[in-house]
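**Student:** Build me a model:
(chains A and B)
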Amino acid sequence: QQQVKQSPQSLIVQKGGISIINCAYENTAFDYFPWYQQFPGKGPALLIAIRPDVSEKKEGRFTISFNKSAKQFSLHIMDSQPGDSATYFCAALRRGNDYKLSFGAGTTVTVRA
Amino acid sequence: DAGVTQSPTHLIKTRGQQVTLRCSPKSGHDTVSWYQQALGQGPQFIFQYYEEEERQRGNFPDRFSGHQFPNYSSELNVNALLLGDSALYLCASSLAGLETQYFGPGTRLLVL
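**Tutor:** Numbering: from 1, shown residues only, chains lettered A, B, ... in the order given. This next block holds a predicted model:
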C-alpha cells in the first residue's frame, strides 16, 4: 500500500504564479520528508527537505510547509518559471532504523509562459 | 566531484533473460539503494546495501538480487525477466547514518 499520498496528479500554472503540491502520510514514525524534482529521462534530484521539528523551510523560491498533527506536508513553488516544468515527488523516511524512501505518485507541473 | 553514475543508460532484453545493472556512488558515500520506477509512478524501494551486506529490502521477489563491492559500487541483478520488469532502475547513494539520498540518472530497461 502507498504510504505517502500525493495530489494533484498534475497542474498547470502561469509564469509567475504559485504551484502547490500536497502530500499526506500515515506512518507517524516517518521523520524526514524530502522533495525531489525529476525531468524526463533523468533521475530525481533532491530539491528541499524538512524534519518534523520545524513547520516551514524555505530555500529560494521553494518552501515546504509541514503539519505534524495533520500528517501532511506541502511544497510551494513561488514565482513559477518555465524551467520549473517537471515532475515533483514527495517522499518520507524513518531515520535510524529504516533507510528506505517511500515516494508519492508524483505531480507533473507545467508552467505556461 | 562526480555524482552517482549508472550503466548502461538503456537496455533491451527478452522475457526469461537475466540482466545486470551497475552503479557507482557519489564520492565519499558508502551506502547504495536501488529503486524501480515504472512509467508514470514514483520510485519503489528494492533494497539497500551497506558494508557489502543487504541491510533493508522492499517488496520485491528473490529474482531481484544485488551486490556491493569493497569500493562501494553496486550491482543489481534481475533473473527470469518479465514484461512487468520494464522500468527505470535508479541507484541512490548516501552516507551511513545520514538520511539524504542522491540519485543517479537511471538505467531504462525494456523487456520484450
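
**Student:** what sits against the one residue in chain B that gets nearest to chain A?
**Tutor:** Here chain B gets closest to chain A at one residue, B:G42, 3.3 Å apart by CB to the nearest CB. In this view, the C-beta of every residue, glycine as well, is placed from N, C-alpha and C. By CB atoms under 8 Å, 6 or more residues apart in numbering or on different chains, the contact set of B:G42 is A:6, A:89, A:91, A:103-106.

**Student:** Am I right that it sits in a strand?
**Tutor:** No: counting by DSSP: H, G, I helix; E, B strand; the rest coil, B:G42 is not part of a strand but coil.

**Student:** Now render the contacts of B:G42 as a markdown table, adding secondary structure.
**Tutor:** A markdown table is the format used below for the contacts of B:G42 (three-state DSSP):
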| residue | secondary structure |
| --- | --- |
| A:Q6 | strand |
| A:F89 | strand |
| A:A91 | strand |
| A:F103 | strand |
| A:G104 | coil |
| A:A105 | coil |
| A:G106 | coil |
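
**Student:** Out of the residues you listed, flag the one nearest to chain B.
**Tutor:** A:F103 (3.3 Å).

**Student:** How about that closest one: what's its closest non-neighbour residue?
**Tutor:** B:G42 (3.3 Å; CB to CB, 6 or more residues apart in numbering or on different chains).

**Student:** in the chain, what secondary structure element scores lowest on mean pLDDT?
**Tutor:** Picked chain A for this. Every helix and strand in chain A was compared by mean pLDDT, DSSP states H and E; the lowest is strand A:98-103, with a mean of 88.

**Student:** that's the wrong chain, I wanted chain B
**Tutor:** Scanning chain B with mean pLDDT, DSSP H and E, the lowest is strand B:53-57, at a mean of 93.

**Student:** Mind listing the strands that strand pairs with, and their directions?
**Tutor:** If you go by DSSP bridges, strand B:53-57 pairs up with strand B:44-50 (antiparallel).

**Student:** angle of the strand it pairs with against strand A:98-103?
**Tutor:** Orientation of strand B:44-50 against strand A:98-103 (axes from the mean of the first three to the mean of the last three CA atoms, to 10 degrees) gives an angle of 150 degrees.

**Student:** Check the contact between B:T9 and B:R108; I expect there is one.
**Tutor:** Yes: B:T9 lies in contact with B:R108 (CB atoms under 8 Å); the separation is 6.9 Å.

**Student:** Paired strands for the least confident helix or strand of chain A, with orientation please.
**Tutor:** Short version: by DSSP bridges, strand A:98-103 pairs with strand A:86-94 (antiparallel).
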